[in-house]
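Asks: Please find the sequence and the predicted model below.
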Amino acid sequence: MLDYQRLAELLFPQITTTTADMEARFPQRVLPEGAKVTRFAPSPTGFVHFGGLFPTTVAERLAHQSGGVLYLRIEDTDAKREVPGAAEGLIKTLATYGIEFDEGAIIGEDGKICDKGIYGPYKQSMRAEIYQTYAKQLVLEGKAYPCFTSEEELEELHAIDKKAEIKNTDWQAEAEARQAEKLARRAITMEEIEENIAKGNPFVLRILADGDPEKKIKFTDLVKGNMEIPENDEDFVLLKSDGIPTYHFAHAVDDHLRGTTHVIRGEEWLPSLAKHLQLFRYLGFKTPKYMHIAQIMRLDENGNKKKLSKRDMGANMDDYTRLGYCPEAVCEYVMTLLNSNYEEWRMQNADKSYKDFPFNIKKMSCSGCLFDFNKLGDVSKNVISKMSAEEVTAKVTAWALQFDAEFGKLLESDAEFAKAIFAIGRGGKKPRKDLTTWADAKAYMGFFYDELFALEDSYDEKYDRADIKATLEKFIECFDMADDSNVWFEKIKAIGAELGYTADMKAYKADPAAFKGSVADISMFIRVAVTGKLNSPDMYSVMQILGRDKVVARIENMINSL
RNA sequence: GGCCCGUUGGUCAAGCGGCUAAGACACCGCCCUUUCACGGCGGUAACGGGAGUUCGAUUCUCCCACGGGUCACCA
């Protein structure tokens, strides 16, 4: 039996604070009844990906919908993996997707990370003393002990357990080896510890696990429901040899000290839940509520579902920006996946913000869903169709300036012109839905600009060139910008009638052979000349915006080329 | 391999012991229409398998299969 008092002093001579000091330093929050405190706790090792935005949106909704607090803490406990600037990038990206933090690590005026709120520091690497205070307490209570086996030695012992070879592991042998190791570790004597400390050997602090895996803990997850998990008997690491905690320990201490009410995270954490529950119990903390959110999946080359991981298309939120998806659309899509009744609500509340939606934990799916670009596209089309021409113009321009400078400058050179174009068919009950992303704009309306105008489509060979030519010539003769759309179209019908192309679409459809063609063909002759394409938005509007000179010039060009 | 989670159409999903098993996306057809987009109408398409409980199982129980996750001084 070790002398815990002596051991604690030996291991943590520099720690003079007590857990009571910490409890006093981080007072309990005073919040309205039912207010939820949630957080996003990324490790600064890369960008935000879709799989991360997902639970974060839940955390944001739950906190803000309940009048609670959403905070951000940075889990930079693994110095080896930290990527400079990643934390800043994370925060900025989240902000564009409507995730604003009330508290935690934020970007200050100088562009650097700083703390907001009284529960800081919010970077875990700066809280060593806090964690060590609790660690010391655990040692004092005989619930944790040091282990001097170095990382290298451990790696050697578990050579078979390397990530890459994990599938080929002899699990039986591995389990026995682990058990033996655990017993050996626990048998360390005070003399050995003193000797190691005297030599200055580094150590990790391990929990003295009291669990029996044969016994189950009953547990209720807010989204997964009731489950039973085996107790933890693994003496996992609490503090690494650099004195910084592992995720497990930091999670318990931080979420307790900051009064987190709901821990929302991906379901990949479920297997370590027993460790966390054990730790909360050891530390005498009240356990928060847990919500383990199903992963977003993708299809691999064999048609199997796989967790959407960093390198996958659609993972990096910056991809969406580049592809021209607007954040509103992405949020909208996330909401449809998060709450099964969201779309129904949206149909009845077309003009409201998604933040007005009564988010409901019970409506969350507990199985992982496949990322669907099709659905995202549909949602996006609807979101954009509801925007004003001004808004679309501004957003397309901003996007183009960044990703398609040439196009961006054209749009920017005459915002009114661009706005008029985007106003075609916009507003009203049945708005046009041509744009899925900002990147679609160029193909949709680029022909308005002489710089981008090109004959993308041509006349089918079945049409008599003489008729085309005649149509175009006659049209120029009678074209008058002052005509309203009815008069304008009557003139086109008249041209067709003269050439033997009927304006009676019903009659034409009933018996196409009875006519040379229809006014649809006549319109097409003109459309191709003016837009360079077989398809375009309403041609009368197009001509009104383009102006007489351009319309005539383009038609004349076509006549000359026939 | 152990442990945990999951399994309704191609995708997202309603369903919570009795239904012709919703809806959305995608796909197909028709209508509207000068093209496209929109809109309207309709269509193809699903409860992984096997036991059991029950008068009756998509719904409850068990087993199996399959899929996923996880087994670090990473989070």
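Replies: Here it is on my side, so go on.

Asks: Was I right to think residue A:291 contacts residue A:222?
Replies: Yes: Residue A:291 is within contact range of residue A:222, at 4.4 Å (criterion: CB atoms under 8 Å). For glycine as for every other residue, the C-beta is placed from the backbone atoms N, C-alpha and C.

Asks: Find residues that contact each of the two.
Replies: Both residue A:291 and residue A:222 are contacted by A:262, A:361, under the criterion CB atoms under 8 Å, 6 or more residues apart in numbering.

Asks: Look at the two and report which has more neighbours.
Replies: residue A:291 (21 against 17; other CB atoms under 10 Å).

Asks: Tell me where the model's unsure across chain A.
Replies: Residue ranges of chain A with pLDDT under 70: A:1, A:157, A:159-168.

Asks: Helix, strand, or coil at the most far-flung residue of it relative to its centre?
Replies: Residue farthest from the centre of chain A, counting by CA atoms, centre = their mean, is residue A:498 at 58.6 Å. Under DSSP: H, G, I helix; E, B strand; the rest coil, the three-state class of residue A:498 is helix.

Asks: wait, it sits on residue A:473?
Replies: No: the pair residue A:498 / residue A:473 is not scored as a contact, 11.6 Å apart, by CB under 8 Å.

Asks: Can you tell me the closest non-neighbouring residue to residue A:75?
Replies: Leaving aside its chain neighbours, residue A:75 sits nearest to residue A:43 (4.5 Å; criterion: CB to CB, 6 or more residues apart in numbering).

Asks: Now that neighbour: which helix or strand?
Replies: Per DSSP states H and E, residue A:43 falls between elements, in no helix or strand.

Asks: buried residues in stretch A:390-402?
Replies: A:392, A:393, A:394, A:395, A:396, A:397, A:399, A:400 (16 or more other CB atoms under 10 Å).

Asks: Apologies, that question was intended for stretch A:344-352.
Replies: For stretch A:344-352, a neighbour-count test (16+ other CB under 10 Å) marks residue A:346 as buried.

Asks: cool, and stretch A:360-380?
Replies: A:361, A:364, A:368, A:371, A:376, A:377, A:378, A:379, A:380.

Asks: Then stretch A:31-46?
Replies: A:35, A:36, A:37, A:38, A:39, A:40, A:41, A:42, A:43, A:44, A:45, A:46.

Asks: Relative to RNA strand B, which of the residues you listed is nearest.
Replies: Nearest to RNA strand B, judged by CB to the nearest atom of the strand, of the buried residues of stretch A:31-46 is residue A:43 at 3.7 Å.

Asks: Distance to RNA strand B and secondary structure added to the buried residues of stretch A:31-46, as CSV?
Replies: Below are those laid out as CSV (distance: CB to the nearest atom of the strand, whole Å; DSSP: H, G, I helix; E, B strand; the rest coil):
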residue, distance to RNA strand B, secondary structure
A:35, 25, coil
A:36, 21, coil
A:37, 18, strand
A:38, 16, strand
A:39, 11, strand
A:40, 11, strand
A:41, 6, coil
A:42, 7, coil
A:43, 4, coil
A:44, 9, coil
A:45, 7, coil
A:46, 10, coil
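
Asks: Would you mind listing what in the stretch 251-400 of chain A touches RNA strand B?
Replies: The stretch 251-400 of chain A comes close to RNA strand B at residues A:267-272, A:294-295, A:297, A:300, A:304-307, A:336-337, A:340, A:343-344, A:363, A:365-370, A:372, A:374-375, A:377-378, A:381, as judged by CB under 7 Å from any atom of the strand.

Asks: which residues in the stretch 151-300 of chain A form strands?
Replies: Counting by DSSP state E, counting those that start in this stretch, the segments of the stretch 151-300 of chain A that form strands are A:204-207, A:216-221, A:225-230, A:237-239, A:262-266, A:289-293, A:296-299.

Asks: Distance from the chain centre to the third one, please.
Replies: Using CA atoms, centre = their mean, to the nearest Å, the mean C-alpha position of strand A:225-230 is found 29 Å from that of the whole chain.

Asks: One more: the fifth one?
Replies: Its chain's average C-alpha position is 16 Å from that of strand A:262-266, according to CA atoms, centre = their mean.

Asks: same for that strand, what does it pack against?
Replies: In terms of contacts (3 or more CB pairs under 8 Å, 6 or more residues apart in numbering; DSSP states H and E), strand A:262-266 is packed against strand A:37-40, helix A:50-65, strand A:289-293.

Asks: If we use 10 Å, what do you get?
Replies: In terms of contacts (3 or more CB pairs under 10 Å, 6 or more residues apart in numbering; DSSP states H and E), strand A:262-266 is packed against strand A:37-40, helix A:50-65, helix A:247-257, helix A:273-283, strand A:289-293.

Asks: and if you look at the third one?
Replies: When contacts are defined as 3+ CB pairs under 10 Å, 6+ apart, strand A:225-230 sits against strand A:216-221, helix A:273-283.

Asks: In a markdown table: those, plus mean neighbour count.
Replies: Listed next are these as a markdown table, based on neighbours: other CB atoms under 10 Å:
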| stretch | mean neighbour count |
| --- | --- |
| strand A:216-221 | 14 |
| helix A:273-283 | 20 |
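
Asks: Of those, which is nearest residue A:96?
Replies: Residue A:96 lies closest to strand A:216-221 among those, at 30.4 Å (CB to CB).

Asks: before we move on, the earlier item: contacts only, for the residue nearest to residue A:75.
Replies: A:74-78, A:81-83, A:86-87, A:90, A:124, A:247 (CB atoms under 10 Å, 6 or more residues apart in numbering).

Asks: if we go to 7 Å?
Replies: Contacts for residue A:43 (CB atoms under 7 Å, 6 or more residues apart in numbering) come out as A:75, A:76, A:78, A:81.

Asks: Let's see if you can find the most crowded of the residues you listed.
Replies: Among the contacts of residue A:43, the one with the most neighbours (other CB under 10 Å) is residue A:76, at 20 neighbours.

Asks: who touches that residue in this structure?
Replies: A:43, A:44, A:82, A:123, A:124, A:125.

Asks: Excluding covalently adjacent residues, which one is nearest to residue A:282?
Replies: residue A:143 (4.9 Å).

Asks: My read is that the one you found contacts residue A:284, right?
Replies: No: with contact taken as CB atoms under 7 Å, residue A:143 and residue A:284 are classed as non-touching, separated by 10.6 Å.

Asks: So for the two, which residue has more residues nearby?
Replies: residue A:143 (20 against 10).

Asks: separation between that one and residue A:248?
Replies: 14 Å (CB to CB, to the nearest Å).

Asks: And for residue A:104?
Replies: 20 Å.

Asks: Give me the more crowded residue out of these two.
Replies: Just comparing residue A:104 and residue A:248: by other CB under 10 Å the higher neighbour count belongs to residue A:104, 25 against 19.

Asks: Give me the neighbour count for residue A:439.
Replies: 18.

Asks: and it, that one's in a helix?
Replies: Yes: under three-state DSSP, residue A:439 falls within a helix.

Asks: pretty sure it is in contact with residue A:325, am I right?
Replies: No: here residue A:439 does not reach residue A:325: they are 8.8 Å apart, not a contact under CB under 7 Å.

Asks: quick one, what contacts the nearest residue to residue A:425 once chain neighbours are set aside?
Replies: Distances taken as CB to CB, 6+ apart put residue A:432 closest to residue A:425, at 3.6 Å, once the chain neighbours are dropped. Going by CB under 7 Å, 6+ apart, residue A:432 touches A:385, A:424, A:425, A:426, A:537.

Asks: Doesn't residue A:432 lie inside a strand?
Replies: No: under the criterion used here (three-state DSSP), residue A:432 is coil, not part of a strand.

Asks: For the stretch 401-550 of chain A, which residues are neighbours of RNA strand B?
Replies: Checking the stretch 401-550 of chain A against RNA strand B by CB under 7 Å from any atom of the strand, the hits are A:425, A:430-434, A:485, A:489, A:505-506, A:519-520, A:523-524, A:527, A:534-540.
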